[in-house]
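Peer 1: A predicted structure for the sequence below; I have some questions about it.
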Amino acid sequence: MTTTAPVADARALGLAHYAARAALESVLIRHGLTFQQHITLRSVVVAEAPVDRDALVAQVTGSLKVDAAGTRGVVEELIGKGLLTAEATSVRAADAGRALYAEVGAETGELSARVWSGIPAEDLAAAGRVLALVTERANAELAAMGA
């Protein structure tokens, strides 16, 4: 009996995305963060310097395909929680934001290690190439639609 490997398609990609995101969000919720808050906080923490608010909003909206007004609201929520500090036209990670990001990162790192464990490097490389191409093409389609 021959087993045929599943073909990568939009459904398989979607199922993998939603399963991985649900696992991540189960960690985030315990720390009082939404997915978008986590992504926004990460962008500021890894910058290690003040980040221009408009540039941050553009980066997050471009990555997550969400609206700018909602992302500006997320930045304000993070400031309100004491995770980011406002500085004129920029924001900086507060000590509490860095600590929370490190704590969440440790938990999600363990989770990620279990999820990705045992997948051969050549399979990861092939998947990475395919996902990069799908992302590029989907972004081109969005740009063509004016989205």
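Peer 2: Alright, I've got the coordinates. Predicted, not measured: the structure shown is a model, and the values here were computed from it. Numbers count the residues shown, from 1 in each chain.

Peer 1: alpha carbons only for contacts and neighbour counts from here, please
Peer 2: Fine.

Peer 1: spatially nearest residue to the residue nearest the centre of the chain (excluding sequence neighbours)?
Peer 2: Central residue of the chain (C-alpha atoms, centre = their mean): residue 39, 4.7 Å from the mean position. Nearest residue to residue 39, sequence neighbours excluded (C-alpha to C-alpha, 6 or more residues apart in numbering): residue 60, at 7.3 Å.

Peer 1: and the one you found, how close does it get to residue 71?
Peer 2: 7 Å (C-alpha to C-alpha, to the nearest Å).

Peer 1: buried residues in the helix or strand hosting the residue nearest to residue 39?
Peer 2: Assigned by DSSP states H and E, residue 60 belongs to helix 53-64. Buried residues in helix 53-64, defined by neighbour count with 16 or more other C-alpha atoms under 10 Å: 53, 56, 57, 58, 59, 60, 61.

Peer 1: please apply the same query to stretch 113-129.
Peer 2: Buried-residue list, stretch 113-129, by 16+ other C-alpha under 10 Å: empty.

Peer 1: how distant is it from the center of its chain?
Peer 2: 19 Å (C-alpha atoms, centre = their mean, to the nearest Å).

Peer 1: ranges for the helices of the chain?
Peer 2: 10-30, 35-47, 53-64, 68-80, 95-116, 121-145 (DSSP state H).

Peer 1: of those helices, which is nearest residue 89?
Peer 2: Ranking those by proximity to residue 89 (C-alpha to C-alpha) places helix 53-64 first, at 6.0 Å.

Peer 1: I'd like the distance between residue 97 and residue 64.
Peer 2: From residue 97 to residue 64 the distance is 21 Å (C-alpha to C-alpha).
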